[in-house]
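**Q** sequence? don't have it. structure:
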């Protein structure tokens, strides 16, 4: 019964073609029905039926994303067939679906070995292709000797594929290098262009991973570069030299000539020409003739009608822009023209180049042109433009910006670009400039005000970060504001309900700052005799006079109270708490404002509270280094890795002495502020909680003052400007750099304001890159293999050893490392060896041994 | 016997169904993060894709390890990008730090993914080379040839590239190898094709 069923299945099995036809009919359940069939058919013993089922499954997997991992074992079965047709289907399925985790991987080792040894070259080629795709560590190890044999095969088809497989085998099993490397190198001298192409391709990939190991082969590559007529081979060799020349400058000199020769040829293929240009730009840019020729050639690309060449021309220019900006400047017309290309890729490359040309003389002009482009562009490109302006201008702490008023207003303009989605970056820069550049604050407040009072902006969620920065700036630097009332009104306008809660909290807090400032100004105007307050207002030293009358101040207080009333019931705790803080504060001082108008008593509670709050907000905020946390020394006795069970005790130990020290030592350093705070504490022990928390904040700021960037006091500031003559070298006046600006520049009379810079930590830290152990062992093995080359006796010895043991032989590495590794900065070498290396090093100071003399 | 015959004879006029759109869409997957790191391959070409103008996948070949989910995601992303590009734009797309070189031949887009520093023009030549070989093999190749002989397209690609590296630049050689392989298959098929053989196998 079973056999007759299977007979029916084999007889009436759907072929691949039937499956494809069925799929084209578009039945929705067809795939699942076919899969059922396939599952049944694939289990039959008949290999023909099985292989067809597998083929159909491969089709569904490749084009319809059906999972075929479950059929792994059946694929192995099909491969074991003696027929080529089956094998081919099987190997195809395996190459398509196997991964390193496939459990039946172990089962195919023997089958692969059998096929690799087959007398039929097509079967061998199938097995090689499969190995090239799925080879695991184990497979590579077990089949190394077969691959070695095939590398010397007399059949070109087999040899070529064996060369291709070597790449995978080396990667998975570095020790294979010892066995196979010599034969691989021998193929570099092959006269067959196909073999040469394959082997150069392998070396191209190997060199890309670890150029230093292949320096000794430079003469062979050089010969190919000069002799070969095959574009594909030449491109690969050029890639190899691009890598080699970047670590061995003398090689660059040697290679420049043949590269130029290729470029000068009349009918050179574009792909080869482009590779020559790119090689020159990336690695031979110090060779003047070559560079000039390449720049001349790239111009042909830039003016070509073919969008591919135009794109590649721009792309190649961006490689060289960092080192030789003149190459870009010479082609500036083409770059500017490409900005209006219809291809977004071309536009993007042109934009990058344009930004590379920006300097402090032309930044205003270029930004203006670009902003006009941004207004006309599609959203994607518009944001690219805005993003690159932001990046270019903020580079190295705004190095190219001289006129910060202009830049701040540009940031404000960006917010008005309809497609702008770069809110986060703009927010960061607005705040950053506020903290770093004192002279820009007036303009910053002006721009912020314009953003805040525009109710239309609140509806655009991409602008919310910018608004939050604007709110913060107008609160923090409210003393520059012409009309605090207007700002408070803008901060509490009804449409702020469109903001996310976190930003609303910032709005409320800013309104609080405005309120405190206004009250402070009101009181100090009332009593010019009160010394600390008078100091306070003059030290902020900004001439904007806020003539607060009783009417204006009480209307401000009422407006804020009204605006916040509705917020005290918000669900979000942050918003609610801040609203209640402010309302509590208002409740405390409100009735005394009225009294103030009549009585002259300066020692009222409200007065002190306001003075205190002003003090809290008076500390200037500065930029914080990203490494600030690391600079804090680890307190003695703090065990970070300990179990937290004893936390209770530790807390007591740490907190108590600190609390004491508050009263003892701090008195000396922060006399005025401190005393006031203590006065406050003594006078009214019943302060509302918000004040307590802000006093804690003040305490914290004072105590850890050293971890915040010291804000420059005004006399400090003057000193610095006096001493700043040396720093001004970094920003030479506009008229000095005229050589490399390409737009007619404007003279800027205004001196560049001081930008607070941190010595370090402005840049995010880069992690040192760790090369994977596998790569390292591969390069070590190759260096070993190359050292054997050319030294006949030693090589023989090594070969004998290899036959005995395949494992990495430390002696071998040691021998090679004497010659090879001097330039390698591997700290791992043992001290025993270092003395021997020392000798080698002395000999090689003048000339590294890797590149034989004939080249240099 | 009659039924067997009828199974073998194509009952549809396929050319009429050229624009028929399969109801099955590429299975979509949102599980992967946007910047999922793709494992790097060994050669210079990471994968080859053939996509029709309607977004139907006609061939996929992966030289770097991708899971089935990643494959579907890659196909979806790329065909979205490439099919929407106009005819006069350049043939390169930057994508997740790689470059995808594509070229349209009639209704088919041939796409190859390479590293950023590889030579784009060279890959365009490889693509053209592949198309020429296909053309020579099928005799003025069209999309339908590839639909119904998708395995042949794979075998030809395997002769052209190994481990993501170009291995054969001679069209003639590829044609010779493929026809030799075809002959081997045909010879075996004749032997196996007889009904008596099938019955002998089954019983």
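**A** Happy to help now that I have it. Model, not experiment: these values are computed from the prediction.
**Q** my guess is residue A:755 meets residue A:394, correct?
**A** No - using CB atoms under 8 Å as the test, residue A:755 is too far from residue A:394 to be in contact (10.8 Å). Any C-beta I mention is one placed from the backbone N, CA and C, and that applies to glycine too.
**Q** Give me the buried positions along stretch B:112-127.
**A** Of all the residues in stretch B:112-127, those buried under the rule 16 or more other CB atoms under 10 Å in any protein chain shown are B:112-115, B:118-127.
**Q** actually stretch A:82-99, not the one I typed
**A** A:83-98.
**Q** again with stretch A:353-372
**A** So for stretch A:353-372, counting by 16+ other CB under 10 Å, buried means A:353-367, A:370-371.
**Q** what do you get for stretch B:134-152?
**A** By neighbour count on 16+ other CB under 10 Å, the buried set for stretch B:134-152 is B:134, B:136-138, B:141-143, B:145-152.
**Q** For the residues you listed, which two are the farthest from each other?
**A** B:136 and B:147 (18.7 Å; CB to CB).
**Q** Okay, domains of chain A per the record?
**A** As recorded under the TED database, the domains making up chain A are A:358-482, A:483-526+A:548-619.
**Q** nearest residue to the one residue sitting closest to the centre of chain B other than its sequence neighbours?
**A** Centroid-nearest residue in chain B, with CA atoms, centre = their mean: residue B:59, separated by 2.7 Å. Closest residue to residue B:59 apart from its sequence neighbours, by CB to CB, 6 or more residues apart in numbering or on different chains: residue B:50 at 3.9 Å.
**Q** contacting residues for the one you found?
**A** Applying CB atoms under 8 Å, 6 or more residues apart in numbering or on different chains to residue B:50 gives the contacts B:57, B:58, B:59, B:60, B:108, B:109, B:110, B:111, B:146, B:153.
**Q** Dump these into a markdown table; add pLDDT as well.
**A** Listed next are these as a markdown table, based on pLDDT from 0 to 100:
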| residue | pLDDT |
| --- | --- |
| B:57 | 88 |
| B:58 | 88 |
| B:59 | 89 |
| B:60 | 89 |
| B:108 | 89 |
| B:109 | 91 |
| B:110 | 92 |
| B:111 | 93 |
| B:146 | 85 |
| B:153 | 89 |
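**Q** Show me these that map onto helices.
**A** Among these, the ones falling in helices (DSSP state H) are B:146, B:153.
**Q** tell me the SS of the closest residue to residue B:116 other than its chain neighbours?
**A** Using CB to CB, 6+ apart and skipping residues adjacent in sequence, the residue nearest residue B:116 is residue B:99, 5.6 Å away. Three-state assignment for residue B:99 (DSSP: H, G, I helix; E, B strand; the rest coil): strand.
**Q** Kindly report the same for residue A:161.
**A** helix.
**Q** how deep is the nearest residue to it once chain neighbours are set aside tucked in, by neighbour count?
**A** Spatial nearest neighbour of residue A:161, chain neighbours left out: residue A:128 (4.1 Å); criterion: CB to CB, 6+ apart. Counted by other CB atoms under 10 Å in any protein chain shown, the residues lying close to residue A:128 total 29.
**Q** Which pLDDT does the model give residue A:128?
**A** In the prediction, the pLDDT value recorded for residue A:128 is 88.
**Q** rewinding a little: turn the buried residues of stretch B:112-127 into TSV, columns for secondary structure.
**A** Shown next, in TSV, are the buried residues of stretch B:112-127 (three-state DSSP):
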residue	secondary structure
B:112	strand
B:113	strand
B:114	strand
B:115	strand
B:118	coil
B:119	coil
B:120	helix
B:121	helix
B:122	helix
B:123	helix
B:124	helix
B:125	helix
B:126	helix
B:127	helix
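**Q** Quick check: of those residues, which lies closest to chain A?
**A** If you rank these by distance to chain A using CB to the nearest CB, residue B:121 comes first, at 3.5 Å.
**Q** any idea which element the residue nearest to the closest one when sequence neighbours are not counted lies in?
**A** With sequence-adjacent residues excluded and distances taken as CB to CB, 6+ apart, residue B:121 is closest to residue A:271, at 3.5 Å. Applying DSSP states H and E as the criterion places residue A:271 in helix A:270-283.
**Q** go on, residue A:466?
**A** helix A:464-476.
**Q** Sketch out the low-pLDDT regions of chain B for me.
**A** B:1-43, B:191-203 (pLDDT under 70).
**Q** Which members of the buried residues of stretch A:82-99 are positioned in strands?
**A** Assigned to strands by DSSP state E, none of the buried residues of stretch A:82-99 qualify.
**Q** Tell me which of the residues you listed fall in helices.
**A** Filtering those for helices - DSSP H - leaves A:84-97.
**Q** out of the residues you listed, who's near chain B?
**A** By CB under 8 Å from any CB of the partner chain, the members of those lying near chain B are A:84, A:85, A:88, A:89, A:92, A:96.
**Q** My read is that the second one contacts residue B:183, right?
**A** Same thing as residue A:85. No - Residue A:85 lies out of contact with residue B:183 (CB under 8 Å); the separation is 11.1 Å.
**Q** what's the span of stretch B:90-101 from first residue to last?
**A** In stretch B:90-101, first residue to last residue: 9 Å (CA to CA, to the nearest Å).
**Q** Now do it: distance to the chain's middle.
**A** Relative to the mean C-alpha coordinate of its chain, stretch B:90-101 is positioned 19 Å out (CA atoms, centre = their mean, to the nearest Å).
**Q** Same question for stretch A:337-348.
**A** The answer for stretch A:337-348 is 24 Å, by CA atoms, centre = their mean.
**Q** got the buried residues for that stretch?
**A** Buried positions in stretch A:337-348, judged by neighbour count with 16+ other CB under 10 Å: A:338, A:339, A:341, A:343, A:344, A:345, A:346, A:347, A:348.
**Q** Same check on stretch A:261-270?
**A** Within stretch A:261-270, the residues that qualify as buried are A:262, A:263, A:268, A:269, A:270, counting by 16+ other CB under 10 Å.
**Q** quick one: contacts of it?
**A** The contact list for stretch A:261-270 (CB under 8 Å, 6+ apart) reads A:231, A:234, A:272, A:273, A:276, A:277, A:293, A:294, A:297, A:309, B:121.
**Q** For the stretch 601-750 of chain A, which residue gets nearest to chain B?
**A** Nearest residue of the stretch 601-750 of chain A to chain B: residue A:626, at 22.6 Å (CB to the nearest CB).
**Q** That residue: how many residues sit nearby?
**A** By other CB under 10 Å, the residues close to residue A:626 number 14.
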